[in-house]
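Colleague: requesting a structural model of the entry that follows:
(one chain, ligands or ions: 1)
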Amino acid sequence: MIRFKAPYFHLSTSGTSYVMKITERGTLEHVCYGVRITSDEDIPCIEESGRIRLGTVPYADEAHQTVFPENLLMEISAGGRGDFRSSSIELWKDGSMLIPELKYEGYRIYEGKADSFPASALADETVSTLEITLADPSYGLAVILRYSVYEEEDVILRSMRLENRSEDKIGIRQASSLLLDIPYGDFTLYSYDGAWARERHETAHELKSGITVIDSKLGISGNEHNPLVFLENHRGEAYGFNLIYSGNHMESAEVSPFGRIRFISGINPYGFMWNLEAGSTFETPEAVMTCSRCGRAGASANFQNFVRKYIIRGSWKDRERPVLVNNWEATYFDFTQEKILALADEAASAGIELFVLDDGWFTGRRNDCAALGDWEPDRERLPEGLKGLADRIIEKGLMFGLWVEPEMISINSELFRKHPDWMVRRHENEPVVCRHQYVLDITKREVQDYLFEKLSAVFSSCCLSYVKWDMNRTITDYPDPDNGQFLHRYTLSLYSLLDRITSAFPEILFEGCASGGNRFDLGLLCFMPQIWTSDNTDLHDRVAIQEGTLMGYPSSSMTAHVAASPSHQCLRRSRMESRFNIACFATLGYELDLCSLSMEDKLALRRQTAFYKEHRTVLQRGIFSKLVISSNQRFWYMTYGKETMAAEIQTLNECHSGREDRLFFPDAKDGCMYEVSARREIIPLSEYGSLSKGKGYVESEEFSMKVSGNVLRNYGLPLGPQFTGNGVDGDMRLLGDFGSRIYVIKEIENL
Ligand code: DGJ
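Modeller: Residues are numbered from 1 along each chain as shown. This next block holds a predicted model:
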């Protein structure tokens, strides 16, 4: 709900309140963001007295000697007038920086939300919007601050429109989507960082003094730092932030000399300069923010809900995502139609639902040095073309999916020979190379048209259910002129291309990818309901990657594959069942040579797909949470309605540990009874090495108990002994190194 009762704007969601006020000087200030304020009468009690004296710090004017811009809680700051903290806008005209004094001009409240682009959350009756206009007539500048309120999810979207009402061009060097000043408190900033094959590992930055910056300069949202950020303090107060944008972003948290925290999020000012022509406007992307008293776990749950409901859209929004097999790690570039069909046979008999043909299906693509841009099926490799192959795969009862990498061009390609000027580059020097490939300039209309036509022809040439849209390099060497505008234009052009293609093929399930998870963000999720999380499919490495990703994104949007052992990324050996236990907390797939699996692994695979389908609603629609017991043991939970999937995840097997592990479920309700059962796994006898002479497999322990919520939550349910060097019986748990076990927890009755 949004209310204006002079001088306050009060935005409330089911659990939070966000308050601003118009001051008697005609400026806009922030009052508070936190737990819901139930009576407006409380607002003046929350407001600071404004009587603090700050020595030599500049004050607004002689009539306001205790109004120190450096210490005010702001909604936007342009700097240059006594607020020395980071600014959220920076504007230039004729070589000079503008120092605007933004004064309140008016407001508008309406149901729904502005149809802004870059991609935004859906407009419908569940959202209402407040627009506040601030202006500085001396510069002919107006700023419209926008707040869209999603009550049920405790989410507020922030964005801004800059209007040039003057006769001259204004240069925008920075226009951040969100500025939030938190009055006080010791906060830790959590960011999600990494590199290729190590995406979104959580990092804690204690905010003591100075500025902590999280950003991407890669041209895409990037794997180095995701735009997802949380601030959390010791009292369990947490704020969550994300940005609906796929290009360069910057999030910064600054501790002011007086202990205030200023958080800013938006397009990265690095390399950015937008020319705002006279009479024109500039829209920032939307920033998403939430607030919770249950720490960042609570803020994360709000984000998972919000993204599932209002970012992901299209015909696959709420549909169960199919279990797929992808041939990449099974074959890489070395495949024939025969090999593909053999994999498809195995997949069909194992209960897999979708076959994805990855890189290498088009003419000239025998390795990663050539052919990007051409998109003509390789007739030598696929004698019956894509249609012939797709038909055969569909006959086996599978859906058919295809890999493409449209935004790229190889020098060794027909496309480059015909259109060398379509490559992103500057004229004075050679562009840097990445995986032997270059970026196509999709900001050119003719390039977008070429891609749309080419891809449309491929997508309609066969019965296609799924497309993996890859992007395997970062963007460099932005062309002149106006290269300060290039990266933002690239992102906007990507969105128009995706809009065109996904609207033309509404039934296709699109999966984003960028060398794994190099572009995992809310902008992309507006067009593609799921994204390839990481090229690293190792079960142990995946724990941190998936935990980090699930902090901001729902499990259905995150894809995870069971791959080979030893892992192709780190050579770690692991059990097929343990790999599944990690991968199934996401949209599940397989990416290994199904034809060369042992009998035990084939059996395990069949049981896994059946288990996954039985519990798919929980695993794909549930809310994720975790409990870290020690560096050696943690629990994952996915809860949907009365059912929870819990995974106990172990790092190393501890010999002679002398204790039983316990299953805790922090969300168990005191007055309820629960039924807990373990998923039974196939344990190949080869795991016992020379301790067993037998061949074949044993089944993991049978475990089924009824227990009260009180015990599950507070005491933990003893799970029985693990194999620790002596004695084996049928009930002993054999997890081993990097092992895990899944428990199905069902709330069965109220006590
Ligand atoms: C990078 C992706 O992340 C992989 O899954 C695979 O599709 C390769 N590209 C193919 O070139």
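
Colleague: close to the ligand: what parts of the stretch 201-350 of the chain are there?
Modeller: residue 328 (CB under 6 Å from any ligand atom). (Glycine included, C-beta is placed from N, CA and C.)

Colleague: repeat that for the chain.
Modeller: Taking CB under 6 Å from any ligand atom as the measure of proximity, the chain contacts the ligand at 328, 358-359, 403, 470, 472, 513, 515-516, 532, 535.

Colleague: would you list those residues in a markdown table and tack on pLDDT and secondary structure?
Modeller: Compiled in a markdown table, the residues of the chain next to the ligand are given as follows (pLDDT from 0 to 100; DSSP: H, G, I helix; E, B strand; the rest coil):
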| residue | pLDDT | secondary structure |
| --- | --- | --- |
| 328 | 98 | helix |
| 358 | 98 | coil |
| 359 | 98 | coil |
| 403 | 98 | strand |
| 470 | 98 | coil |
| 472 | 98 | coil |
| 513 | 98 | coil |
| 515 | 98 | coil |
| 516 | 97 | coil |
| 532 | 98 | strand |
| 535 | 98 | coil |
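
Colleague: closest to residue 463 out of these?
Modeller: Comparing the residues of the chain next to the ligand against residue 463 with CB to CB places residue 403 closest, at 16.5 Å.

Colleague: quick check: bridge partners of that closest one?
Modeller: Per DSSP bridges, the residues bridged to residue 403 are residue 468.

Colleague: surely it meets residue 470?
Modeller: Yes: between residue 403 and residue 470 there is a contact under CB atoms under 8 Å: 6.1 Å.

Colleague: let's have the residues of the chain next to the ligand in a markdown table, adding neighbour count.
Modeller: Shown next, in a markdown table, are the residues of the chain next to the ligand (neighbours: other CB atoms under 10 Å):
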| residue | neighbour count |
| --- | --- |
| 328 | 21 |
| 358 | 21 |
| 359 | 21 |
| 403 | 21 |
| 470 | 23 |
| 472 | 21 |
| 513 | 27 |
| 515 | 20 |
| 516 | 25 |
| 532 | 27 |
| 535 | 24 |
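
Colleague: quick one: residue 93 from residue 600, how far?
Modeller: Distance of residue 93 to residue 600, computed by CB to CB, to the nearest Å: 72 Å.

Colleague: that should have said residue 236, apologies.
Modeller: With the distance defined as CB to CB, residue 236 ends up 46 Å from residue 600.

Colleague: follow-up on the earlier one: who touches both of residue 403 and residue 470?
Modeller: Common neighbours of residue 403 and residue 470 are listed as residue 359 (criterion: CB atoms under 8 Å, 6 or more residues apart in numbering).

Colleague: who are the neighbours in contact with residue 702?
Modeller: For residue 702, the contacting residues are 678, 680, 730-731, by CB under 8 Å, 6+ apart.

Colleague: count the residues that sit near residue 482.
Modeller: Residues lying near residue 482 (other CB atoms under 10 Å) number 12.

Colleague: and if you look at the one 5 residues further on?
Modeller: When neighbours are defined as other CB under 10 Å, residue 487 has 23 of them.

Colleague: how is the chain divided into domains?
Modeller: As recorded under automatic domain parsing, the domains making up the chain are 2-311, 624-750.

Colleague: helices of the stretch 151-300 of the chain, residue ranges please.
Modeller: 295-306 (DSSP state H, counting those that start in this stretch).

Colleague: can you give me the strands in it?
Modeller: Under the criterion DSSP state E, counting those that start in this stretch, strands of the stretch 151-300 of the chain are mapped to 155-164, 170-182, 187-193, 201-206, 210-215, 225-233, 238-243, 249-255, 261-267, 274-276, 281-283, 287-292.

Colleague: relative to residue 34, which of those strands is closest?
Modeller: Among these, if distance is taken as CB to CB, the winner is strand 287-292, at 6.2 Å.

Colleague: look at residue 391 and give its secondary structure.
Modeller: Classification of residue 391 using DSSP: H, G, I helix; E, B strand; the rest coil returns helix.

Colleague: if I pick it, what's in contact with it?
Modeller: Contact analysis of residue 391 by CB under 8 Å, 6+ apart lists 384, 462-463.

Colleague: tell me which residue in the stretch 551-700 of the chain sits closest to the ligand.
Modeller: As assessed by CB to the nearest ligand atom, the ligand sits closest to residue 591 within the stretch 551-700 of the chain, at 7.8 Å.

Colleague: still on that earlier bit, quick check, nearest of the residues of the chain next to the ligand to residue 744?
Modeller: For the residues of the chain next to the ligand, the nearest to residue 744 is residue 532 (27.6 Å; CB to CB).

Colleague: so what's that closest one bridging to?
Modeller: residue 559.

Colleague: wait, doesn't it sit right on residue 515?
Modeller: No: with contact defined as CB under 8 Å, residue 532 does not reach residue 515; the gap is 9.2 Å.

Colleague: re earlier: of residue 236 and residue 600, give the one with the bigger neighbour count.
Modeller: With neighbours defined as other CB under 10 Å, residue 236 and residue 600 compare such that residue 600 has more, 21 against 13.

Colleague: what helix or strand is the residue lying closest to the residue of the stretch 551-700 of the chain closest to the ligand once chain neighbours are set aside located in?
Modeller: The shortest distance from residue 591 to any non-neighbouring residue, by CB to CB, 6 or more residues apart in numbering, is to residue 561 (4.0 Å). Assigned by DSSP states H and E, residue 561 falls within strand 558-563.

Colleague: now the closest residue to residue 282 other than its chain neighbours: how far from residue 176?
Modeller: The shortest distance from residue 282 to any non-neighbouring residue, by CB to CB, 6+ apart, is to residue 162 (4.5 Å). Using CB to CB, residue 162 is found at 11 Å from residue 176.
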